[in-house]
Each structure stands twice: as C-alpha cells, then as structure tokens.
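> I need the structure of the sequence given here:
(chains A and B)
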Amino acid sequence: MEKETFDDFRSSFSYGSRSDLLFKFLKSGSEQLADEFLQELLSLTGDLIDDGDPTAIVEAIVRAQTAAYAGTDNFEYEDKPFTPFPKPVSESKIALLTTTGHFVEGDDPNPFGIEDLTQEQASKMTADFGRANPELSEIPTSTPREQTRVRHGGYDIRATAADRNVSLPIDRLNELAEEGVIGEFISPAFSFVGLASQLRLKKQRAHEWAEQVKAAGAEAAVLIPI
Amino acid sequence: MSKVFKDRTAAMNPARILLTPHPMGRPLSAPHDVEKQRDILMHGLRLLDSATEGGTIVEYDKPYRSGPFCN
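Numbers count the residues shown, from 1 in each chain, chains lettered A, B, ... in the order given. Sure, this is the predicted structure:
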C-alpha cells in the first residue's frame, strides 16, 4: 500500500475519500495553511471539552476558509453598476434570489434528466454542474418549510437543510412584510445552483432572470450567494 | 453573504454587499437563530438607503452564534 502524504490527506477532503464540503478548503489553500489550521482545530477542541464554547472553533474555520479562498480568481469586473433607491423600504416590493439550490418538493429541476438526484450524487458531479446551464427554481413564499428541498454539490447543506432561513430566509421576509418593515415580499422566491457555467450565467441567464424578477414586480432584490 | 469570499465578491462590484463572519454555507446564521437572521436582513435592507455608490461593502460585526436554538 502506497504511503499517504500530507498533501494527499488534505486533498482528500475535497471530493476525495474523506469528502467534507465544510473542509474542502484544505485543498484550496497551501499545505502550510492546512497544517496550521488542523493544529489550531485540535488545540481549540481541547479547550471546548472544558469550556463548552465553540465560538473560537467557528472563528478558526472562517479564518482558514477566508485565507484559502483569498484572491479575486477570475471574478474581476470593470463596471460598477449602482442605482440609488429612492423609496422607503417599508413601501417597496422586495424579491429574494439565492444560489443555494433550493426547490419545492414535487418541482425538482431534475438536473441532467436524473430524477431524485441526491446530495451525495450531486457532490460527485461537480464538473458536470460546472459546465451546465443553470436552471431557476420558483419557490412560492407560502411554501411550508417541510416542502422545501435543497441540493447543491458545492457546499455543506446541513445547516440550511435543518432551517431554510439559514440561506433562504423566506420565513423572515414574510414576517418583515407582515410587520410592514418591507412593503411586500414578492412571490415566488427564486433559487438556483450557483455551481454552474459562469459564462452562461453571465451572458444569458442573469439577464433573463433579472427581467423575470422585475416582471414579478420587484423594486429591489435580496441576493444571497452561498 | 459570508466574508469567506470577500476578495472575489468585491472584485465583481455588486452595488451593495453585506458580509457576515460566518462559515461557508451559513450566510445568515446557524439553524433556527431567528434573531440573527432578522438582524442581518435588516442590516442588508438598510444598505438600500445608505449606500451611495456601487461596490459598497459593509461587514456585519456580530459573531456567529452556535445553537441549538428553539425550533
């Protein structure tokens, strides 16, 4: 059996034998970053045993993820669009669009024609998703929580599967509309799998979807990338 | 959104950005942290009025709170 190197080990968390989407960043950063993070994680876990406070562990994960994903990659744009918003939010119609991969039970977009694709299967098809034309799911804002589904092979969905408002805050925006904090929460909300062809998204889908959201009556939109 | 992707998000020049100090996949909060979800949405909505130019970035400074919270 071939001896596993530390580089093999850290890389295995990114869609490998130890795949864990919360810690896949171990491959994206440097070996030194992975080494230092794991040492810190073990030390903080020792503290957690005695003080019961995971705050320092969460902060260490965020620091390491931020360092691993530092840099602009290919995401630099020259233009800087801005539209002043003249109306009070309390009189405005607000839409919600996320890249989180939520959809309504019974309305699965069935990527690649596959029915009932699981999260585990999706996480093994990231290259296919990365080339695919993204599909927009419509989620009526009256959709009961238990009828909301999420699938996205690019991130750890455990938190938002437990509570959609972690990244699809339908319940909170409904409450803000009922209280008059916002004028209206536009139905449906929209979601797609952000792990998709960025070129197709930029050249085609983004324009189509902006028109769709405007046609629904939205005057502003809360956009939540994952 | 999570500040994990601050560099690439800022480079895209969205009109208004609220960054949260949360792990990837948890942009608003831990599950069922209703108070935090609401507070973050309110901070984001305020940017509609307060931002005066594209690429405005505000960092939400309250830490991520781990649960469990009441469901």
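> Tell me, how many residues neighbour residue B:8?
Using other C-beta atoms under 10 Å in any protein chain shown, residue B:8 has 17 neighbouring residues. C-betas here are computed from N, CA, C, even on glycine.
> quick check, the lowest-mean-pLDDT helix or strand in chain A touching chain B?
Least confident helix or strand, chain A: helix A:198-200 with a mean of 91, by mean pLDDT, DSSP states H and E. No - remark: helix A:198-200 sits outside contact range of chain B, by C-beta under 8 Å from any C-beta of the partner chain, the gap being at least 10.7 Å.
> The longest helix seen in chain A: what's the following helix or strand?
Secondary structure of chain A per DSSP state H: the longest helix is helix A:31-51. Using DSSP states H and E, the helix or strand that follows helix A:31-51 in sequence is helix A:55-68.
> what's in contact with that following helix?
Residues outside helix A:55-68 that contact it (C-beta atoms under 8 Å, 6 or more residues apart in numbering or on different chains) are A:22, A:25-26, A:28-29, A:33, A:37, A:40-41, A:44-45, A:47-48, B:2-4, B:6, B:21-24, B:63-64, B:66.
> Just list the residues touching residue B:71, thanks.
Taking C-beta under 8 Å, 6+ apart, one finds A:163, B:32 in contact with residue B:71.
> Helices of chain B, start to end?
Using DSSP H, the helices of chain B run over B:6-11, B:34-50.
> Among these, show the one with the smallest mean pLDDT.
Mean pLDDT across these is lowest at helix B:6-11; the value there is a mean of 92.
> tell me how far the least confident helix or strand of chain A is from the chain's mean position?
Centre-to-centre, helix A:198-200 and its host chain are 17 Å apart (C-alpha atoms, centre = their mean, to the nearest Å).
> Check stretch B:49-64 too.
The answer for stretch B:49-64 is 8 Å, by C-alpha atoms, centre = their mean.
> which residues touch that stretch?
Contacts with stretch B:49-64, where a contact means C-beta under 8 Å, 6+ apart, come from A:55, A:58-59, A:62, A:80-82, A:84-85, A:88-89, B:3, B:6, B:10, B:13-23, B:26, B:29-30, B:36, B:39-40, B:43, B:47.
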